[in-house]
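# model this:
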Amino acid sequence: MKFLLIITSMLFFLGNTISQDSKPEKSKAIERIEAHKIAFITKALNLTPEESQKFWPLYNEYSDKERMLRKGFETNKPKRGMSEDEANKVIDYYFDNEQRKLTLRKNYYDKFKMILPATKVVRLHFAENKFKRKLLKKLKKNRRKKGKRKR
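Coordinates of the predicted model:
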């Protein structure tokens, strides 16, 4: 299992290094979180080395596109004092963006099913959500610890 995690991490970082030529360098904390996410999802899906080799580049591509959609919405956030027309445009953009995210997810899940059994693809969404919950819980715990130290 350690061997599988090492290979998966190496593939991820190799893919990330190649794709980061046009991206600003990520912070060490984000890199650590992504490494933990890879290990967590690899274990949750019980990916073989062969599956990992095909899955992670595709998943990274999917994550990048999903992140771009999220950033697009952030630039169209509601503002104080906006007019009714502006508010309606934000609402329309929100639902259009949600539809784009759903379409993206469906398209990539179809691609994932070409390289993974459907049983593993089904577990992907749940593994992602479980990882996010664990990460948030840990961040909250760390904030509480830092808050107690400052007192």
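
# how about low-confidence regions in this protein?
Along the chain, segments meeting pLDDT under 70 span 1-26, 148-151.

# nearest residue to the middle of it?
Centroid-nearest residue in the chain: Ser63, 4.9 Å away (criterion: Cα atoms, centre = their mean).

# now it: which helix or strand?
Under the criterion of DSSP states H and E, Ser63 resides in helix 49-74.

# by contact count, what packs against that helix?
helix 2-19, helix 28-45, helix 84-115 (3 or more Cβ pairs under 8 Å, 6 or more residues apart in numbering; DSSP states H and E). Where C-beta positions appear, they are placed from N, C-alpha and C, glycine not excepted.

# helix 84-115 and that one, what's the angle between them?
Helix 49-74 and helix 84-115 are oriented at 180 degrees to each other (axes from the mean of the first three to the mean of the last three Cα atoms, to 10 degrees).

# what's the angle from helix 49-74 to helix 28-45?
Using the same axes, to 10 degrees: helix 49-74 against helix 28-45 is 130 degrees.

# off-centre distance for helix 49-74?
7 Å (Cα atoms, centre = their mean, to the nearest Å).
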